[in-house]
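Undergrad: Fold the following.
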Amino acid sequence: MTEPGALDQGVAQSEWTATVVGHHRLRHDIAVIRLIGEFVPFRAGQSVEVRTAGQPGVRRRLSPALPPSLDGKLEFHVRTVPGGWLSGSLVADTEAGDEWRIGAPAGTFHVDPEGDEVVMIAGGTGLAPMRAQILELARAPRPPHTYLFVGGRSPRDLYASDMLVLLAAELPWLTVVPVVDRLSDPNWADEWYEHTRAEVDVDFPADDLLEGTLADVVGSHGAFDHHQVLVCGSPAMTRATVDRLVATGTPRGAIQYEGF
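TA: Here you go, the predicted model:
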């Protein structure tokens, strides 16, 4: 049976249209953008190619933070990339009503809901594909226990802390481990962070924060030799974490990873 939107007059459809319905600036360099439109046939954990009406010739790959839904809901976590052609505009200038074109689903991230325990390691907005897969696992009858290590440079870099605290409270099989390079925030003000703090009263308890790089913290746990392991973040974070996992005994073949 063909999924809705997968075919157009007998020809495989390569792009789908979605309209921005929400733009939430959470940090000076991070925004959560929500859209509704045509059904996009991706798999939870994959990325898609995005182009906007404002910059139709520029394409950027983003990972949806929700699993695919027949009602066409999409959510993206976008961070400004220095020198990037599109990311800065998406974070700062996106408005409700903007039309996006979504295409080219790609990627091999996957979790077997009947398989071994899961270890997810997410740096920054590498959280997005992990969240999509967690929500997909939540639909399974008996999801495997899942450990989500989520990292940032400092506590305020953990931009989705409220969502993760509530999600872990709702899903008994999910354990969230917050990791920061340093326990203190930088001494310059981020107006978007302050605005968000004024509206949200849910956060990771300070005692729950582990100090160190994601590579060091996950490496300190020893080998994940009977686990499904996924790593997503910046290229440098991904390389360092995968190397540390392998050095501490995690089989390289058990690690799925993507740097962006």
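Undergrad: For residue 97, which residues are in contact?
TA: When the contact criterion is Cβ atoms under 8 Å, 6 or more residues apart in numbering, the partners of residue 97 are 19-20. No exception for glycine: its C-beta is placed from N, CA and C like everyone else's.
Undergrad: Would you mind giving me the confidence score for it?
TA: The pLDDT attached to residue 97 in the predicted structure is 97.
Undergrad: Name the SS class of it, please.
TA: Three-state assignment for residue 97 (DSSP: H, G, I helix; E, B strand; the rest coil): coil.
Undergrad: strands paired with the longest strand along the chain, and their directions?
TA: Of all the segments of type strand in the chain, defined by DSSP state E, the longest one is strand 15-27. Sheet neighbours of strand 15-27, with direction, are listed as strand 30-37 (antiparallel), strand 99-106 (antiparallel) (DSSP bridges).
Undergrad: I'd like those strands laid out as a markdown table, including distance to residue 201.
TA: A markdown table is the format used below for these (distance: least, Cβ to Cβ, whole Å):
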| stretch | distance to residue 201 |
| --- | --- |
| strand 30-37 | 18 |
| strand 99-106 | 32 |
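Undergrad: Out of those, flag the one nearest residue 243.
TA: Of all the strands paired with strand 15-27, it is strand 99-106 that lies closest to residue 243, at 24.4 Å by Cβ to Cβ.
Undergrad: Give me the contacts around that closest one.
TA: By Cβ under 8 Å, 6+ apart, strand 99-106 touches 14-20, 35, 37, 40-43, 46-53, 56, 61, 74.
Undergrad: Just the CA atoms of it, as PDB, please.
TA: As requested, the backbone C-alpha atoms of strand 99-106 are provided in PDB (Å, rounded to 0.1, in the frame of the first residue of the first chain):
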ATOM      1  CA  GLU A  99       6.600  27.600   3.000                       C
ATOM      2  CA  TRP A 100       9.400  25.000   2.900                       C
ATOM      3  CA  ARG A 101      10.100  22.300   0.500                       C
ATOM      4  CA  ILE A 102      11.200  19.000   2.000                       C
ATOM      5  CA  GLY A 103      12.900  16.200   0.100                       C
ATOM      6  CA  ALA A 104      15.600  13.500  -0.200                       C
ATOM      7  CA  PRO A 105      15.100  11.500   3.100                       C
ATOM      8  CA  ALA A 106      18.400   9.700   3.800                       C
END
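Undergrad: and it, which residues are buried?
TA: For strand 99-106, burial by neighbour count (16 or more other Cβ atoms under 10 Å) applies to 100-103, 105.
Undergrad: And for stretch 239-252?
TA: Along stretch 239-252, the positions that meet the burial threshold by neighbour count (16+ other Cβ under 10 Å) are 240-242, 244-245, 248, 250.
Undergrad: How about stretch 133-149?
TA: Within stretch 133-149, the residues that count as buried by 16+ other Cβ under 10 Å are 133-138, 143-144, 146-149.
Undergrad: end to end, how far does it reach?
TA: 14 Å (Cα to Cα, to the nearest Å).
Undergrad: center of this structure, which residue is that?
TA: The residue at the geometric middle of the chain, judged as the C-alpha nearest the mean C-alpha position with Cα atoms, centre = their mean, is residue 128 (1.2 Å).
Undergrad: Am I right that that residue sits in a helix?
TA: Yes: secondary structure of residue 128 (three-state DSSP): part of a helix.
Undergrad: all numbers from here: first residue = 55
TA: Sure thing, new numbering starts at 55, so read that last one as residue 182.
Undergrad: residues contacting it?
TA: Contacts for residue 182 (Cβ under 8 Å, 6+ apart) come out as 116-119, 129-131.
Undergrad: Kindly indicate the member of the residues you listed with the most neighbours.
TA: When neighbours are counted by other Cβ atoms under 10 Å, residue 118 leads those with 27 neighbours.
Undergrad: Appreciated, that's everything.
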